[in-house]
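K.L.:
Everything below, folded, please.
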Amino acid sequence: MSLASDYISKLRTNNFALEDKNQKKTLLDYCVNSGTANFFLGRADKEFESELDNKDFREHILLAQKKSLQHQSSLKSFLNLAKTNNIDVCLLKGAFMSNFIYPNFSMRSMRDIDLLVDEGDFLKLLNIMLSNGYIFFNSSEKKIRRFNFNYAHQAPILIDRFGIAFEIHHRLKTNSEIKNSDYLTKNLIEDKRKKILFDLPVSIPSDNFAFIHCCYHAICKSKLNIGPIFLNDLMQFENRIDNRVLEYARISNCLKEVELGIEIIKYVRGSDIPNEKQVKKAVEIIIYCYKMPEFLPRKKLNLISSIKESYSSILLKFSLKASLIYLKIKFKQTIIFLKSYSLNYSLHKKRTKFFKDFNRG
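P.N.:
Below is the predicted model:
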């Protein structure tokens, strides 16, 4: 497990675990592929800085920085649109962390821009976006008139004219909880802060609730397959969360995830922890299971009811075309999973066993 050892050593001391040329090359390639090379460059890592003499590495870095700049530009345009229409939005995940947690926004890559909006403004915001050039990624609809708030926690993905994806959430958890109440969303909104970004007003979660959401999303929702960015995020939160975070996590039904997140921070720092074996497994899964697919991810196995509920209430109308699109996506996901499962059987089994033990514990 030399890759995991090297990554942890880099996080802890900015040094490789072993001075081996091939291992260094493996880690550098892994960081490029996982979008974390700019993180180490932002920390003035000499090994990574010396690689800038390599043309291919330099081009990867410049491309990643260009993408970060485009995300920032698209976010600024969106916030200006929200301000013009008097809609309060709360930044989530990468959009929040890159601008308010990391020393430099380019250190934290983003796949898309995640935002939380009050349910009362949800449809209004979607239609404003549609009328201002944003389009649905998987639908040609130009106006949304209804939405099944009980079924979906976010709108279908919207993209701007630069191809930047926006995920607009009205709640944070995929499945609603007791009495259809998402306690994480409720508590995060009650504790959010007003800030200024690009000279525009925006809301952000408090550090404690941002940490809770970070742990919930990476552990419970994504099954630790979002990769080493999660480790980087945890380390950025290390000196920002306080002793209230566990109580906040408990009332938001995210206690187990937050406890594991805190234990991972301690493990990376080299502190003694009682459950080191479990935490070490989690770290190895984070490193080696990056982007490893799941079988029918984030959906129930009841395809028929999912088609009806999803496409009649999220993409506005139930149609044969919509159901075929859905089935095509699920068929493709299944093929990808089976291929990955056959090639990475031991890793899939390791991750499955970890979560069985984690949920049982």
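K.L.:
CA atoms for contacts and neighbours, from now on please.
P.N.:
Fine.
K.L.:
And the strands in the stretch 101-250 of the chain, which stretches?
P.N.:
With DSSP state E, counting those that start in this stretch as the definition, the stretch 101-250 of the chain shows strands at residue ranges 113-117, 135-136, 158-159, 165-169, 193-197, 200-204.
K.L.:
With respect to residue 282, which of those lies nearest?
P.N.:
Smallest distance to residue 282 across the strands of the stretch 101-250 of the chain (C-alpha to C-alpha): 25.2 Å, for strand 113-117.
K.L.:
Check which helices and strands that closest one sits against.
P.N.:
Where contact means 3 or more C-alpha pairs under 8 Å, 6 or more residues apart in numbering; DSSP states H and E, strand 113-117 is packed against strand 89-91, helix 93-100, strand 165-169.
K.L.:
Make TSV from the ones you listed and add mean neighbour count to it.
P.N.:
Below are the helices and strands packed on strand 113-117 laid out as TSV (neighbours: other C-alpha atoms under 10 Å):
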stretch	mean neighbour count
strand 89-91	23
helix 93-100	21
strand 165-169	22
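K.L.:
Residue 122 is nearest to which of the ones you listed?
P.N.:
Comparing the helices and strands packed on strand 113-117 by their distance to residue 122 (C-alpha to C-alpha), the top pick is strand 165-169, with 8.0 Å.
K.L.:
which outside residues touch the closest one?
P.N.:
Strand 165-169 has contacts (C-alpha atoms under 8 Å, 6 or more residues apart in numbering) with 111-117, 153-160.
K.L.:
That one to strand 113-117, inter-axis angle?
P.N.:
20 degrees (axes from the mean of the first three to the mean of the last three C-alpha atoms, to 10 degrees).
K.L.:
Quick check: mean pLDDT of strand 165-169?
P.N.:
Across strand 165-169, the average pLDDT comes to 96.
K.L.:
gap between that strand and the chain center?
P.N.:
Computed by C-alpha atoms, centre = their mean, to the nearest Å, the chain-centroid distance of strand 165-169 equals 12 Å.
K.L.:
With stretch 72-89 instead?
P.N.:
Taking mean C-alpha positions (C-alpha atoms, centre = their mean), stretch 72-89 and its chain are 21 Å apart.
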